[in-house]
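**Student:** Predicted coordinates and the sequence they were generated for:
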Amino acid sequence: MQTASNNLANGGGSLMVAWQLKDKKVLLVGGGEVAYGRVESLLGTDAHITILCPEKGLHPTTKQYIENYPERIAYFDRRFTGPAELHKMDLVLTAIDNPSSSKDIVEHCRKAKIPVNAADIPELCDFYFGAQIRDGPLQIMISSNGNGPRVSSLMKQKILASLEGYEGLAMSKIGLLRVRLKERVPGVGGSVGRKRMKWMTRMCNQWSLKEFTLLDDAMIQKLLDEGWERDRVPTFEEVSGRPSTSVETVHSESTLKSSLSGSNLFVPIANFVAGAVFMAAVFLVRRR
Ligand SMILES: C[C@@]1(CC(=O)O)c2cc3[nH]c(cc4nc(cc5[nH]c(cc(n2)[C@H]1CCC(=O)O)[C@@](C)(CC(=O)O)[C@@H]5CCC(=O)O)C(CC(=O)O)=C4CCC(=O)O)c(CCC(=O)O)c3CC(=O)O
Ligand SMILES: NC(=O)C1=CN([C@@H]2O[C@H](COP(=O)(O)OP(=O)(O)OC[C@H]3O[C@@H](n4cnc5c(N)ncnc54)[C@H](O)[C@@H]3O)[C@@H](O)[C@H]2O)C=CC1
């Protein structure tokens with residue numbers, strides 16, 4: 001297997017980034033099967049979404065999203081009418097069953113210097129979508145860089161099956177700790193920045209993700225007072241007052257509670273179960 005470092009010079013890859021869409025306007029042209037996946041991807045961001053599509057072509061789930069999130073989605077029951085539709089747009093996605101219209105829209109975007117994805121014309125895309133896994137702040141995208149989208153989808157199931165379901169929660173707690181640390185020791189870069197990064201790196205190396213899931217305000221306070229201030233990393237036991245072996249039990253209780261209350265852990269767990277069922281079905285079909 002080639003590693004990222006030994007195939008770098010070959011080029012041919014794409015830039016993998018987590019595109020920030022807060023306060024950005026995204027135009028989606030089309031409302032069918034593919035577009036409905038795009039709407040879901042966009043709802044996971046903070047983008048303002050505009051959809052252009054004749055009502056009879058709307059996927060029923062997209063219709064529901066339009067009804068349920070009027071503050072997030074502006075919907076217009078019409079086809080793309082021309083370059084004026086691109087006014088103030090930061091990003092454009094086309095998912096329509098008409099390659100020549102799709103090509104026209106891409107050309108208008110090029111003129112207006114707006115990045116564009118055309119679901120049916122990979123050669124004209126500025127970027128591709130990929131198969132996605134989201135669990136709170138944890139975002140994983142699998143891309144075959146245009147070679148085999150179905151394989152990306154299948155790889156997603158494999159990766160889902162390897163996740164435990166609490167990684168996203170752990171990441172959001174780590175995010176909270178970083179925010180509190182920056183509040184205590186503000187400033188960008190320089191020696192303060194270096195010291196913060198070193199301490200956070202040690203924290204993440206020494207605590208398990210499961211331990212992080214149990215981090216609360218009192219523990220953060222203690223970590224900063226007794227860890228950061230003394231340039232050391234206290235253990236989970238020291239900060240929480242309970243043995244690390246209790247993490248397993250406490251965690252599974254909290255997972256159950258979260259999924260019952262419909263928190264963001266429900267989706268990865270449901271995905272995990274769906275993935276397992278799917279893989280079992282694939283396995284059975286292949287055995288025939
Ligand atoms: C280049 C790209 C542009 C883009 O869409 O950004 C693109 C292009 C095209 N896809 C086509 C077909 C299929 N696409 C899927 C599925 C997905 N396609 C996705 C992405 C991408 N598709 C980008 C590259 C991503 C990568 O390389 O990894 C996924 C990962 C993400 C998403 O779309 O959100 C999503 C799975 C999501 C999930 O399961 O999580 C399936 C399978 C299925 O539906 O199960 C099929 C049928 C089987 C097959 O062809 O493999 C065709 C028509 C080809 C034809 O006419 O023959 C074109 C156009 C062309 O290639 O000409
Ligand atoms: N990138 C990907 O993942 C995939 C891409 N495709 C390609 O994507 C394209 C769309 O596929 P589907 O969504 O399955 O088609 P679909 O037939 O479900 O939806 C097409 C939609 O486009 C709308 N539409 C057509 N012209 C329009 C215009 N000028 N302005 C606004 N809306 C318009 C229709 O009303 C309809 O809602 C196809 O060309 C297909 O080959 C197909 C499968 C996967």
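**Tutor:** On my side now, so go ahead. Numbering: from 1, shown residues only. Ligands and ions are numbered 1, 2, ... in the order given.
**Student:** any idea which helix or strand carries residue 103?
**Tutor:** Here residue 103, judged by DSSP states H and E, is contained in helix 99-112.
**Student:** And the pLDDT at whatever residue of the stretch 51-200 of the chain ends up closest to ligand 2?
**Tutor:** When scored by CB to the nearest ligand atom, the stretch 51-200 of the chain has residue 57 as its residue closest to ligand 2, at 2.2 Å. C-beta coordinates here come from the backbone N, C-alpha and C atoms, glycine included. Model confidence at residue 57, expressed as pLDDT, equals 97.
**Student:** likewise residue 88?
**Tutor:** Model confidence at residue 88, given as pLDDT, is 98.
**Student:** ok so, going back, how about the residue of the stretch 51-200 of the chain closest to ligand 2, what does it touch?
**Tutor:** Shown here is residue 57, whose contacts under the criterion CB atoms under 8 Å, 6 or more residues apart in numbering are 30-32.
**Student:** give me that answer again for 7 Å
**Tutor:** Listed by CB atoms under 7 Å, 6 or more residues apart in numbering, the contact set of residue 57 reads 31-32.
**Student:** Quick check: it vs residue 205, distance?
**Tutor:** Counting by CB to CB, to the nearest Å, the gap between residue 57 and residue 205 amounts to 51 Å.
**Student:** helix or strand for the residue most central in space within the chain, which one?
**Tutor:** The centre of the chain sits closest to residue 139, judged by CA atoms, centre = their mean, with a distance of 3.4 Å. Secondary structure assigned from DSSP H and E places residue 139 in strand 138-142.
**Student:** would residue 36 count as being in a strand?
**Tutor:** No: under the criterion used here (DSSP: H, G, I helix; E, B strand; the rest coil), residue 36 is helix, not part of a strand.
**Student:** Give the burial count for the nearest residue to it once chain neighbours are set aside, as a bare number.
**Tutor:** Setting aside the residues directly before and after it, residue 36 is nearest to residue 59 in space (CB to CB, 6 or more residues apart in numbering), at 4.1 Å. Per other CB atoms under 10 Å, the neighbour tally for residue 59 reads 18.
**Student:** One more: residue 61?
**Tutor:** Other residues within reach of residue 61, judged by other CB under 10 Å, total 13.
**Student:** Check whether it really touches residue 38, as I assumed.
**Tutor:** No: checked against CB atoms under 7 Å, the pair residue 61 and residue 38 is beyond contact range at 11.8 Å.
**Student:** what does the helix holding residue 103 rub up against?
**Tutor:** Helix 99-112 is touched from outside by 29, 80, 83, 86, 92, 94, 96, 116, 118, 120-121, 124, with contacts defined as CB under 7 Å, 6+ apart.
**Student:** and the helix or strand that it is followed by, average pLDDT?
**Tutor:** The first helix or strand that comes after helix 99-112 along the chain, using DSSP H and E, is strand 116-118. Averaged across strand 116-118, pLDDT comes to 98.
**Student:** Equivalent analysis for stretch 183-198, please.
**Tutor:** 95.
**Student:** how about the residue nearest to residue 36, what does it touch?
**Tutor:** Applying CB under 7 Å, 6+ apart, the residues contacting residue 59 are 31-33, 35-36.
**Student:** Which one (most neighbours) among the residues you listed?
**Tutor:** Counting neighbours by other CB under 10 Å, residue 31 comes out on top of these with 26 neighbours.
**Student:** Count the residues that sit near the nearest residue to residue 105 once chain neighbours are set aside.
**Tutor:** Using CB to CB, 6+ apart and skipping residues adjacent in sequence, the residue nearest residue 105 is residue 94, 5.1 Å away. Around residue 94 there are 30 other residues, counting by other CB under 10 Å.
**Student:** likewise residue 194?
**Tutor:** Other residues lying near residue 194 total 10 when counted by other CB under 10 Å.
**Student:** Flag the shaky bits of the chain, pLDDT-wise.
**Tutor:** Flagging of the chain using pLDDT under 70 yields the residue ranges 1-6, 249-288.
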